[in-house]
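Student: quick one, what's the 3D model for this:
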Amino acid sequence: MIAPIGGPPDSRDASDEGLSKADQLRRMQRFATSLLGAMLLLLVVSAAYQSNYSWLHWLRSFAEGGAVGALADWYAVTALFRYPLGLAIPHTAIIPSNKDRIGASLGNFVEQNFLTPENIIARLQQHDAAHALAEWLAVRANSLAVTAAVADFVPAMLRGLEDRDVREFFNHAVTPQLLSLNVSRLAGHALTVLTAAERHQALLDRALHALERWLVARQGLIKAKFSEASRYTPRLFDNYVVNKFVHGIVALLHEVAQNPNHELRGQFDQAVRDLIHNLMSSEEYRQKGTDLLRTLVEHLQTEEYYRLVWDDVSRRVLADLASESSTIKQHIEGVLVAVGERLLDEPAVRQKLNAWWLDTIHRMGVRYRQQISSLITDVVRTWDAEEVSRKVEMEIGKDLQYIRINGTLVGGAVGLLLNVGIYLFGIGNAS
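Tutor: Here you go, the predicted model:
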């Protein structure tokens with residue numbers, strides 16, 4: 001049952017299979033205490049009969065050293081978790097008395113030695129995470145597992161959005177913030193981005209071509225509508241007027257499209273700039289944007305049509321996800337497998353993904369490692385001191401009993417060796 005001093009834990013645990021940690025701890029405590037009792041009993045017996053049997057002197061030396069070692073290690077192990085014999089001796093009950101300081105030290109230790117960006121990145125750089133992910137997704141069974149997880153999440157999300165309390169929360173918490181947005185200014189910023197570097201001129205060119213195609217394709221319709229509006233003019237005259245009108249417009253469109261400095265382009269530029277200025281600074285435009293947004297929100301809240309559409313879409317999605325041959329599941333699974341297979345064929349993309357992943361981890365490590373350290377400290381601070389002591393003892397107490405056992409044996413061996421040295425030294429002096 002006793003392992004060699006300093007032996008591997010596995011050799012000590014072979015006979016503990018099937019026992020709980022509490023049972024293993026009590027078992028080792030009984031054995032270590034029994035060994036102490038054996039040393040004390042051996043000490044008493046050898047001292048009592050030493051006068052009759054001189055050789056018991058050596059046994060007494062072993063028992064004295066073993067008893068001292070056992071008592072010293074019992075005191076040391078017990079002082080970690082509680083007061084020895086219930087006596088409030090200074091620097092005992094170390095874990096419960098210093099729980100908060102231990103928690104702070106543990107948090108700092110984790111922060112300084114485990115959560116440093118250098119350590120994390122050095123560890124992660126050894127693995128091609130993107131390649132591992134690609135191989136994993138390329139296996140259809142794995143993509144199917146992800147799909148199943150998504151399918152389990154969606155119904156709960158939809159039911160949550162349908163919940164009355166959730167809707168009330170959004171109406172009272174989100175909607176007021178939405179209505180406080182300066183829609184006019186946001187639109188002005190969006191137009192500024194769209195018109196940067198003359199990008200709006202390309203949009204104008206597309207609009208000119210689209211208008212030209214529409215006019216040519218709808219020329220017959222324009223003639224019919226013109227004839228309806230001008231009942232007393234001959235059809236030949238109507239056709240002539242419409243043809244001239246369409247050809248004139250098309251010629252103008254061609255002229256604007258081919259001339260970057262055309263007057264209409266300048267007017268278009270100025271109109272866009274004026275619109276951006278008004279959107280960004282005009283109180284009238286700001287109020288119009290607010291009114292438009294409020295009208296839209298009120299329309300969505302009161303119009304039953306959208307509620308019916310949402311209910312129908314939710315019902316169809318839930319029914320599809322619940323079916324054996326779900327179209328949604330098949331598409332998600334197919335996309336995941338395709339992404340995995342494609343990534344396996346694109347080492348450059350995998351390299352970029354790995355670089356992005358490592359950069360993200362580095363940023364998070366720098367930003368949040370102190371918060372993680374504080375979290376460890378705060379969590380330990382909220383624990384009950386006695387409960388912490390019991391849990392720690394349950395985890396490491398069994399191994400600490402081996403310190404008591406080894407201390408008993410080492411103490412006995414040291415006591416015996418000291419007496420051997422005294423005996424030899426005495427012989428040397430006598431000679």
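Student: confidence score at residue 335?
Tutor: With respect to pLDDT, residue 335 scores 91.
Student: check the secondary structure at it for me.
Tutor: Classification of residue 335 using DSSP: H, G, I helix; E, B strand; the rest coil returns helix.
Student: how far away is it from residue 314?
Tutor: 22 Å (CB to CB, to the nearest Å). Using the backbone N, CA and C atoms, a C-beta is placed for each residue, glycine as well.
Student: which one's more surrounded, those two?
Tutor: More crowded of residue 335 and residue 314, by other CB atoms under 10 Å: residue 314, with 17 against 13.
Student: quickly find the element holding the more buried one.
Tutor: Residue 314 belongs to helix 304-322 when elements are defined using DSSP states H and E.
Student: what residues sit buried inside that helix?
Tutor: Using 16 or more other CB atoms under 10 Å as the test for burial, helix 304-322 gives 314, 317, 320, 321.
Student: distance from the chain centre to it, please.
Tutor: Centre-to-centre, helix 304-322 and its host chain are 31 Å apart (CA atoms, centre = their mean, to the nearest Å).
Student: what's in contact with it?
Tutor: 151, 154, 155, 158, 162, 300, 326, 327, 328, 329 (CB atoms under 8 Å, 6 or more residues apart in numbering).
Student: isn't residue 350 right up against residue 130?
Tutor: Yes. In this structure, residue 350 is within contact of residue 130 by CB atoms under 8 Å, at 3.8 Å.
Student: between the two, what contacts are shared?
Tutor: residue 343.
Student: which secondary structure element of the chain has the lowest mean pLDDT?
Tutor: When each helix and strand of the chain is scored by mean pLDDT, DSSP states H and E, helix 9-13 comes last, with a mean of 46.
Student: report the next helix or strand after the host helix or strand of residue 105 in sequence order.
Tutor: Residue 105 belongs to helix 99-113 when assigned by DSSP H and E. Next along the chain after helix 99-113, taking DSSP H and E as the criterion, comes helix 117-124.
Student: tell me what that next one is packed against?
Tutor: For helix 117-124, the helices and strands in contact under the criterion 3 or more CB pairs under 8 Å, 6 or more residues apart in numbering; DSSP states H and E are helix 347-382.
Student: just the angle between the helix or strand following the helix it packs on and helix 347-382, please?
Tutor: Note on helix 347-382: by DSSP H and E, the next helix or strand toward the C-terminus is helix 385-430. For helix 385-430 against helix 347-382, the angle by axes from the mean of the first three to the mean of the last three CA atoms, to 10 degrees is 90 degrees.
Student: and helix 385-430, how far out from the chain middle?
Tutor: Distance, centroid of helix 385-430 to centroid of chain: 47 Å (CA atoms, centre = their mean).
Student: for stretch 208-222, same thing?
Tutor: That offset, for stretch 208-222, works out to 55 Å (CA atoms, centre = their mean).
Student: and for it, what's in contact with it?
Tutor: 242, 243, 245, 246, 249, 250, 253, 254, 256, 257.
Student: before we move on, what SS does the closest residue to the last one other than its chain neighbours have?
Tutor: Distance criterion CB to CB, 6 or more residues apart in numbering; nearest residue to residue 257, sequence neighbours excluded, is residue 208 at 5.0 Å. Counting by three-state DSSP, the backbone at residue 208 sits in helix.
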